[in-house]
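# Sequence first, then the predicted structure:
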2 protein chains.
Amino acid sequence: MKLIDGKAIAAQIRKEIAEEVQQIKARGGKTPHLAAVLVGHDGGSETYVANKVKMCEEVGFQSTLIRYENNVTEAELLSCVDKLNNDADIDGFIVQLPLPKHISEDKITEAIDYRKDVDGFHPVNVGRMSIGLPCFLSATPSGIVELIRRYEIETSGKHCVVLGRSNIVGKPAATLMLQKGYPGDCTVSVCHSRTKNIKEICLQADIIIAALGVPKFLKSNMVKDGAVVIDVGTTRVPSTETKSGFKLTGDVDFAEVAPKCSYITPVPGGVGPMTIISLMKNTLLAGKKEIYK
Amino acid sequence: MKLIDGKAIAAQIRKEIAEEVQQIKARGGKTPHLAAVLVGHDGGSETYVANKVKMCEEVGFQSTLIRYENNVTEAELLSCVDKLNNDADIDGFIVQLPLPKHISEDKITEAIDYRKDVDGFHPVNVGRMSIGLPCFLSATPSGIVELIRRYEIETSGKHCVVLGRSNIVGKPAATLMLQKGYPGDCTVSVCHSRTKNIKEICLQADIIIAALGVPKFLKSNMVKDGAVVIDVGTTRVPSTETKSGFKLTGDVDFAEVAPKCSYITPVPGGVGPMTIISLMKNTLLAGKKEIYK
């Protein structure tokens, strides 16, 4: 069993990005600039955005944080998006989700210029990913395939079972594993809450991507010997073992599943650290105008 | 075994569309107007476009056919697309594929205003379909789910195996069968040329959508009793039985597979007739501005 060390890979990529930014600056190029829009004071969102801003500093990007209170109107937020779309200095930006209920997340997402949509949530980027055209890949699925690539895990002709069909993980991860080329060329099965024989299907998997959001869902009797297991779950489970009073818990019962795997990601320290780094990669691509002119 | 009569369903929908168009005209509304752009003289394309124009007449749409010779430049074609985008009388239009090799199909497709993209090939429509937002569904997958809906075939929790991963059939059909709601909520597996154990996977399927383009690929020993089989294959196989010298042949070995099925589509007369009717449905939606304002 080999542990997939997302933390180490993310640190490696962070270094690669930082070096490229230094080179860009050295030859007088433009410093990539990411803006983040944060609405309200949700604990999770505050942490995510703070980490993104901090990571920008670490790799040498410029960053701008724009804050609104929870009572911001949809019109105000759309006007902010419009300004960022038209600000030539901003290469990419994100509007941190979730948004308050009186604001349509779909409307905000679609208002973002897809050429600056470094979260990869805009329909143009989702559609281009599906078709197989260059695009901004959304962070979590991008992080998953990057881990597979860096560990040189074989994918061609393998059966990849994706647990979960969310728009931000399950569906795009399935799409990427299905694409022609490497990583990809998998036979892909997608299971979800309506699937009747999930155990039977998981037992056929060479690669399992677990993204149901159900702590410790995947048990050892659902995994065949030598499988690769990627755990995307990050549920906060109450715990007396930690200072914070909770513990990030994956969708995989790691203790019992790990011994059967050829490769497995831990939680935390697996897919998680790759997510922010994927956003940084997109921002670098945006800064270099490598995907869209 | 019940035969899925695509011809009859298509005729029924054609009637429904024609009635709605009559009502629209009766109350002084705008007649839906479809334009088709045809480049060159490819036999298949000529036939497809002629059928589309004819079907427009049958349901009461206005139609415009724009022809170019094979030597049209990409710039000329882009300029034509631009004109159609800006022509308020045109509700929707298609550029018949394939295009000559000196013209980028991706570029032309992306130049079409997604609000007039009744073929559903533009990344915005592909992306919105994937996310589950209202959009123009591309014709073949839309026809497939419509057949399932009209025959009230159960889909929730069923295992749907899609053979083929093309952008215009396999991938979107898989996406639709995976969506929440009806038809949908399937466990979906996508197999393709790289799949190793295709027989074993097909044998698990409650529903098989065969879109590999390999005549008579699916044999009876790959299908479990009671399965629903949707055959999207339409390969022209040389034949002495027909006047034309060829016979449209599906991906399913109908004679041996049909007896095992609960439902099966024939070729021809199954998915085929649904394809044009799906384009008509999109044109009606475009005329009514029901999806995009």
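Cool, got the structure. Numbers count the residues shown, from 1 in each chain, chains lettered A, B, ... in the order given.

# Please enumerate the strands of chain A.
For chain A, the strands defined by DSSP state E cover A:2-3, A:33-39, A:62-68, A:92-95, A:159-163, A:187-191, A:207-210, A:228-231, A:235-238, A:246-249, A:263-264.

# Just tell me which of these ends up closest to chain B.
Chain B lies closest, by C-beta to the nearest C-beta, to one member of those: strand A:187-191, at 4.1 Å. For every residue, glycine as well, the C-beta is placed using N, CA and C.

# Just checking: what are the partner strands of the closest one?
Strand A:187-191 pairs in its sheet with strand A:159-163 (parallel), strand B:187-191 (antiparallel), by DSSP bridges.

# Quick one: mean pLDDT for stretch A:233-250?
Averaged over stretch A:233-250, pLDDT sits at 91.

# that older thread, any idea which of the strands of chain A gets closest to B:V190?
strand A:187-191 (5.1 Å; C-beta to C-beta).

# Tell me the residues of the stretch 51-200 of chain A that contact chain B?
Counting by C-beta under 8 Å from any C-beta of the partner chain, the stretch 51-200 of chain A comes close to chain B at A:106, A:122-128, A:130-133, A:156-157, A:159, A:165, A:167, A:171, A:175, A:178, A:180, A:185-192, A:194-197.

# now A:K158: how far from A:V223?
14 Å (C-beta to C-beta, to the nearest Å).

# ok, these two, which is more surrounded?
A:V223 (26 against 21; other C-beta atoms under 10 Å in any protein chain shown).

# List the residues that contact the more buried one.
By C-beta atoms under 8 Å, 6 or more residues apart in numbering or on different chains, the contact set of A:V223 is A:202-203, A:205, A:208, A:229, A:257, A:260-261.

# Could you export those to CSV, including columns for pLDDT and distance to chain B?
Output for the contacts of A:V223, formatted as CSV (pLDDT from 0 to 100; distance: C-beta to the nearest C-beta, whole Å):
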residue, pLDDT, distance to chain B
A:C202, 98, 11
A:L203, 98, 12
A:A205, 98, 11
A:I208, 98, 14
A:V229, 98, 19
A:V257, 98, 21
A:K260, 98, 20
A:C261, 98, 20
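
# Which two of these have the greatest separation?
Farthest apart among these - using C-beta to C-beta - are A:L203 and A:C261, which lie 13.6 Å from each other.

# Among these two, which residue is more densely surrounded?
For the pair A:L203 and A:C261, the greater number of neighbours falls to A:C261 (23 against 15), based on other C-beta under 10 Å.

# residues contacting the more buried one?
A:1, A:223, A:226-229.

# Quick check: the farthest pair among the residues you listed?
Most distant of those, by C-beta to C-beta, are A:M1 and A:V223, 11.5 Å apart.

# Between these two, which contacts overlap?
With C-beta under 8 Å, 6+ apart, A:M1 and A:V223 have common neighbours A:260-261.

# of the contacts of A:C261, buried ones?
A:223, A:227-229 (16 or more other C-beta atoms under 10 Å in any protein chain shown).

# Return the closest of the residues you listed with respect to A:G60.
Nearest to A:G60 among the buried ones among the contacts of A:C261, with distances taken as C-beta to C-beta, is A:V228, at 33.6 Å.

# so who does the closest one touch?
Counting by C-beta under 8 Å, 6+ apart, A:V228 has contacts A:148, A:153, A:206-208, A:261-264.

# Kindly list the longest helix within chain A.
In chain A, with assignment by DSSP state H, the single longest helix is helix A:6-26.

# List the buried residues for that helix?
A:6, A:9-10, A:13-14, A:17-18, A:20-21, A:24.

# any chance of those in JSON lines, plus distance to chain B and pLDDT?
Converted to JSON lines, the buried residues of helix A:6-26 look like this (distance: C-beta to the nearest C-beta, whole Å; pLDDT from 0 to 100):
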{"residue": "A:G6", "distance to chain B": "26", "pLDDT": "98"}
{"residue": "A:I9", "distance to chain B": "26", "pLDDT": "98"}
{"residue": "A:A10", "distance to chain B": "27", "pLDDT": "98"}
{"residue": "A:I13", "distance to chain B": "26", "pLDDT": "98"}
{"residue": "A:R14", "distance to chain B": "29", "pLDDT": "98"}
{"residue": "A:I17", "distance to chain B": "27", "pLDDT": "98"}
{"residue": "A:A18", "distance to chain B": "32", "pLDDT": "98"}
{"residue": "A:E20", "distance to chain B": "28", "pLDDT": "98"}
{"residue": "A:V21", "distance to chain B": "29", "pLDDT": "98"}
{"residue": "A:I24", "distance to chain B": "28", "pLDDT": "98"}
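
# Rebuild the residues you listed as JSON lines, extending it with distance to A:E69.
Formatted as JSON lines, the buried residues of helix A:6-26 follow (distance: C-beta to C-beta, whole Å):
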{"residue": "A:G6", "distance to A:E69": "34"}
{"residue": "A:I9", "distance to A:E69": "37"}
{"residue": "A:A10", "distance to A:E69": "32"}
{"residue": "A:I13", "distance to A:E69": "35"}
{"residue": "A:R14", "distance to A:E69": "32"}
{"residue": "A:I17", "distance to A:E69": "33"}
{"residue": "A:A18", "distance to A:E69": "34"}
{"residue": "A:E20", "distance to A:E69": "37"}
{"residue": "A:V21", "distance to A:E69": "33"}
{"residue": "A:I24", "distance to A:E69": "36"}
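
# Just give the number of residues close to the closest residue to A:I131 other than its chain neighbours.
Nearest residue to A:I131 in three dimensions, chain neighbours excluded: B:N167, at 5.1 Å (C-beta to C-beta, 6 or more residues apart in numbering or on different chains). When neighbours are defined as other C-beta under 10 Å, B:N167 has 15 of them.

# give the contact list for B:N167.
A:130-132, B:121, B:126.

# how is chain A carved up into domains?
As given by automatic domain parsing, the domain ranges for chain A are A:28-113, A:139-272.

# deepest of those, which one?
Ranked by mean neighbour count, the domains of chain A are led by domain A:139-272 with a mean of 20 (mean count of other C-beta atoms under 10 Å in any protein chain shown).

# And that one, end to end?
10 Å (C-alpha to C-alpha, to the nearest Å).

# Repeat that for stretch A:28-36.
Start-to-end, stretch A:28-36 (C-alpha to C-alpha) is 25 Å.

# Not counting sequence-adjacent ones, nearest residue to A:V161?
A:V161's closest residue in space is A:A205 (C-beta to C-beta, 6+ apart), at 3.8 Å.

# what about that neighbour, distance to B:M274?
Taking C-beta to C-beta, one finds A:A205 at 34 Å from B:M274.

# Kindly report the same for A:S239.
For A:S239 relative to B:M274 (C-beta to C-beta), the value is 54 Å.

# Could you list the low-pLDDT ranges of the stretch 51-200 of chain A?
Applying pLDDT under 70 to the stretch 51-200 of chain A picks out no residues at all.

# show me where it has helices.
In the stretch 51-200 of chain A, the helices defined using DSSP state H, counting those that start in this stretch lie at A:74-86, A:105-111, A:123-131, A:139-150, A:170-178, A:198-202.

# Adding distance to A:K289, write those out as a markdown table.
Shown next, in a markdown table, are the helices of the stretch 51-200 of chain A (distance: least, C-beta to C-beta, whole Å):
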| stretch | distance to A:K289 |
| --- | --- |
| helix A:74-86 | 15 |
| helix A:105-111 | 21 |
| helix A:123-131 | 15 |
| helix A:139-150 | 19 |
| helix A:170-178 | 23 |
| helix A:198-202 | 42 |
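
# still on that earlier bit, can you tell me which of the contacts of B:N167 is closest to A:V252?
Nearest to A:V252 among the contacts of B:N167, with distances taken as C-beta to C-beta, is A:S130, at 27.2 Å.

# count of neighbours near that closest one?
24.

# Surely it and B:N125 touch.
No: applying C-beta atoms under 8 Å, one finds A:S130 not in contact with B:N125, separated by 10.6 Å.

# tell me the angle the longest helix of chain A makes with helix A:139-150.
100 degrees (axes from the mean of the first three to the mean of the last three C-alpha atoms, to 10 degrees).
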